[in-house]
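J.: This is the structure alone, sequence omitted:
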């Protein structure tokens, strides 16, 4: 799962306005998916925004947000979230074994 998430982030970082999908909507973290689906969550740290790809793991009631780095976060750590978008086709194809 971690490699797939890292690929999604790299793909998003390498897009241009012409290749991006429509902007996603930031929503209050209380509305975030809690079914294990990775999301992009962020919080205002007082100097800017911290962004982390996380998913909800109900096994730990104190630190239910998990990340690919192995870090876990409390339920109230983040302010807003948005879904991860699919990478543009020209970048997504780089992950295919045949390169097409």
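T.: Sure thing, it's come through. Since the structure is predicted, the reported quantities are computational estimates derived from the model, not experimental observations.

J.: Low-confidence stretches in this structure?
T.: Scanning the chain with the threshold set as pLDDT under 70 gives 1-24, 87-100.

J.: which stretch of helix or strand covers the closest residue to residue 72 other than its chain neighbours?
T.: Of all residues not flanking residue 72 in the chain, residue 63 sits nearest, at 3.7 Å (CB to CB, 6 or more residues apart in numbering). Yep, even glycine has a C-beta here, placed from its N, CA and C like the rest. Following DSSP states H and E, there is no helix or strand that holds residue 63.

J.: tell me the contacts of residue 63?
T.: 72, 73, 74 (CB atoms under 8 Å, 6 or more residues apart in numbering).

J.: wouldn't residue 33 be in contact with residue 41 here?
T.: No: using CB atoms under 8 Å, residue 33 is not in contact with residue 41; the gap is 10.6 Å.

J.: Between these two, point out the one with more neighbours.
T.: Legend: neighbour count by other CB atoms under 10 Å for residue 33 and residue 41, higher for residue 41 (24 against 12).

J.: give me phi/psi at residue 29?
T.: Residue 29 adopts backbone torsions of phi -60, psi -20, taken as degrees, to the nearest 10.

J.: surely it meets residue 79?
T.: Yes: here residue 29 reaches residue 79: they are 5.9 Å apart, a contact under CB under 8 Å.

J.: Now the common contact residues for the two.
T.: Joint contacts of residue 29 and residue 79 (CB under 8 Å, 6+ apart) do not exist.

J.: Looking at these two, which is more packed in?
T.: residue 29 (18 against 15).

J.: Could you pull up the residues touching the more buried one?
T.: Residue 29 sits next to 41, 78, 79, 80, 81 when contact means CB under 8 Å, 6+ apart.
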